[in-house]
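J.: Attaching a predicted model along with its sequence, questions to come.
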Amino acid sequence: MPRVCYFTGRHTHAGRSYTHRGKAKYLGGVGTKVTGITKRKFKPNIQRVRALVNGSVRRIKVSVKAIRMGLVVKPQRRTWKPEPPAES
């Protein structure tokens, strides 16, 4: 199952990480230089939760942003009733 939010469609994005060397001009240096560029990934905060989807309880992957926005409807908690005493 891919790392994709069920509601918002957020997924892993590619990017770059820049390594700098030198002192900034406003601090009295001659400026910073880029000495390396490497690939990196931006991963959304995906959680696996139990939610009501079309009237049934399912485990789905959703982003925390979707949970905070209120898009996820959690199922009702089960209440356990004590057993009645056995009659003899």
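T.: Received it, and whenever you're ready, just let me know what you need.

J.: For this structure, which segments are assigned as strands?
T.: With DSSP state E, the ranges of strands along the chain come out as 13-21, 33-42, 46-53, 56-63.

J.: so which of those strands gets nearest Tyr6?
T.: Distance to Tyr6, taken as CB to CB, is lowest for strand 56-63 among these, at 4.4 Å. C-beta here means a position set from N, CA and C on the backbone, and glycine is covered the same way.

J.: Now do the closest one: which elements does it pack against?
T.: Applying 3 or more CB pairs under 8 Å, 6 or more residues apart in numbering; DSSP states H and E, one finds that strand 56-63 makes contact with strand 46-53.

J.: Need the contact partners of stretch 20-28.
T.: Gly29, Val30, Gly31, Thr32, Lys33, Val34, Thr35 (CB atoms under 8 Å, 6 or more residues apart in numbering).

J.: List the single closest residue to Thr38 in space, sequence neighbours excluded.
T.: Nearest in space to Thr38, with sequence neighbours left out and distances taken as CB to CB, 6 or more residues apart in numbering, is Ser17 at 5.1 Å.

J.: burial measure for that neighbour, as a count.
T.: Number of residues near Ser17 (other CB atoms under 10 Å) recorded here: 9.

J.: Relative to Thr35, how far out is it?
T.: In this structure, Ser17 and Thr35 are 12 Å apart, going by CB to CB, to the nearest Å.

J.: coming back round to it: what is the nearest of the contacts of stretch 20-28 to Thr79?
T.: Val34 (60.1 Å).

J.: Could you check how many residues crowd around the closest one?
T.: By the criterion of other CB under 10 Å, Val34 has 10 neighbours.

J.: With adjacent residues omitted, what lies nearest to it?
T.: Nearest one to Val34, counting by CB to CB, 6+ apart, is Tyr18 at 5.5 Å.

J.: Now do the contacts for the residue nearest to Thr38.
T.: When contacts are counted by CB under 8 Å, 6+ apart, Ser17 is found next to Ile37, Thr38, Lys39, Arg40.

J.: repeat for Gly36
T.: Applying CB under 8 Å, 6+ apart, one finds that Gly36 lies in contact with Tyr18, Thr19.
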